[in-house]
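# Okay, sequence plus prediction incoming.
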Amino acid sequence: MQSLKKRTDLLAEEIEDEVVIYDPRTHYVHHLNPMASIIWELFDVSPSPKDIAKEIVNVLKTDLSNVEKDVQETLGKLQRKGLME
């Protein structure tokens with residue numbers, strides 16, 4: 001997963017604690033929940049799932065093992081939805 005990157009043609013807008021992404025290829029709108037939104041935003045700074053998990057743990061003061069699994073799963077879902085290359 002470390003070779004993943006966000007598609008550059010997507011339009012993303014933060015609305016409150018969520019991110020809404022418009023895909024111009026499919027004309028589909030994706031609504032990311034608060035955790036997925038954090039992962040989406042942190043991916044620009046830390047493209048490694050482990051680094052993203054560490055950042056979330058620092059902010060939320062939670063267990064790393066659970067967060068790392070969530071990050072991996074979320075990035076996988078974003079990739080399956082075509083939002084990552």
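Nice, I can see it.
# Sort out which residues of whatever helix or strand residue 72 lives in are buried, please.
According to DSSP states H and E, residue 72 maps onto helix 64-80. Residues of helix 64-80 classed as buried: 67, 68, 70, 71, 72, 74, 75, 78 (neighbour count, 16 or more other C-beta atoms under 10 Å). Any C-beta I mention is one placed from the backbone N, CA and C, and that applies to glycine too.
# again, but for stretch 44-54
46, 47, 49, 52, 53, 54.
# Between the two ends of it, how far is it?
End-to-end distance for stretch 44-54, by C-alpha to C-alpha, to the nearest Å: 14 Å.
# can you tell me which residues contact residue 53?
Neighbouring residues of residue 53 by C-beta atoms under 8 Å, 6 or more residues apart in numbering: 64, 67, 68, 70, 71.
# Among those residues, which one sits closest to residue 26?
residue 71 (24.6 Å; C-beta to C-beta).
# Residue 47 is in contact with that closest one, correct?
No: using C-beta atoms under 8 Å as the test, residue 71 is too far from residue 47 to be in contact (11.2 Å).
# isn't residue 56 right next to residue 68, touching?
No: counting by C-beta under 8 Å, residue 56 does not reach residue 68; the two are 9.0 Å apart.
# can you map out the helices along the chain?
Per DSSP state H, the chain carries helices over the ranges 34-42, 49-60, 64-80.
# where are the low-confidence patches of this protein?
Along the chain, segments meeting pLDDT under 70 span 1-3.
# Setting aside sequence neighbours, what's the nearest residue to the residue most central in space within the chain?
The centroid of the chain falls nearest to residue 40 when counting by C-alpha atoms, centre = their mean (2.6 Å). Leaving out its chain neighbours, the residue that sits closest to residue 40 by C-beta to C-beta, 6 or more residues apart in numbering is residue 19, at 5.3 Å.
# Perfect, I'm done here.
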